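Okay, sequence plus prediction incoming.
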Amino acid sequence: MVIQIIIALLLFVSGVVVLTGKGDKLIAGYNTASKEEREKVNIKRLRLLTGGLLIVMAPLCFILNNNVNSGLTITGIVVVLTLIVVILANTWAMKK
């Protein structure tokens with residue numbers, strides 16, 4: 001239970017840091033991109049997607065318990081949410 005709380009707090013704090021604009025280095029791929037590649041990205045939208053995903057995933061750590069069915073359901077939810085964010089990051093968060 002303590003580990004779940006720690007992970008949830010880390011996810012929540014990381015999400016808030018990204019949403020406030022101070023955590024661009026926490027966004028995977030963006031921090032290693034060249035200047036030309038960074039100019040193709042709408043960073044405000046990317047922050048919204050990434051920070052929102054982190055904040056939404058934080059309470060899922062509390063819901064997850066030792067029940068196998070519950071764990072599989074939450075894992076499925078996390079996978080689907082992550083896929084949605086990846087798709088939106090490559091479409092909606094790109095400059096036209």
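Here it is on my side, so go on.

so Asn31 is in which element?
Secondary-structure assignment from DSSP states H and E places Asn31 in no helical or strand segment.

Touching, it and Val18? I think so.
No - using C-beta atoms under 8 Å, Asn31 makes no contact with Val18, being 11.6 Å away. Bear in mind the C-beta positions are built from the backbone N, C-alpha and C, glycine included.

neighbour count winner among these two?
Val18 (24 against 11; other C-beta atoms under 10 Å).

Verify the stated contact: the more buried one with Arg47.
Yes - applying C-beta under 8 Å, one finds Val18 in contact with Arg47, separated by 5.5 Å.

What residues of stretch 10-28 count as buried?
Leu11, Phe12, Ser14, Gly15, Val17, Val18, Leu19, Gly23, Leu26, Ile27 (16 or more other C-beta atoms under 10 Å).

what touches both of Val18 and Arg47?
Asp24, Ile27 (C-beta atoms under 8 Å, 6 or more residues apart in numbering).

ok, Ile87 - how many residues close by?
Going by other C-beta under 10 Å, the residues that sit close to Ile87 add up to 11.

same deal with Val41?
Using other C-beta under 10 Å, Val41 has 18 other residues around it.

Could you double-check that it sits in contact with Tyr30?
Yes - applying C-beta under 8 Å as the test, Val41 and Tyr30 come out as touching, 6.8 Å apart.

before we move on, the earlier item: and the buried residues of stretch 10-28, which of them are in helices?
Leu11, Phe12, Ser14, Gly15, Val17, Val18, Leu19 (DSSP state H).

Out of these, which is nearest to Leu72?
Of all these, Leu72 sits closest to Leu11, with 19.9 Å by C-beta to C-beta.

okay, the closest one: pLDDT?
Predicted confidence (pLDDT) for Leu11: 94.

any idea how far it lies from Val85?
Relative to Val85, Leu11 is positioned 14 Å away (C-beta to C-beta, to the nearest Å).

Now tell me what touches the lengthiest helix in the chain from outside.
If you go by DSSP H, the chain has its longest helix at helix 68-91. With C-beta under 8 Å, 6+ apart as the test, helix 68-91 has contacts from Leu46, Leu49, Thr50, Gly52, Leu53, Val56, Met57, Leu60, Ile63, Leu64, Asn65.
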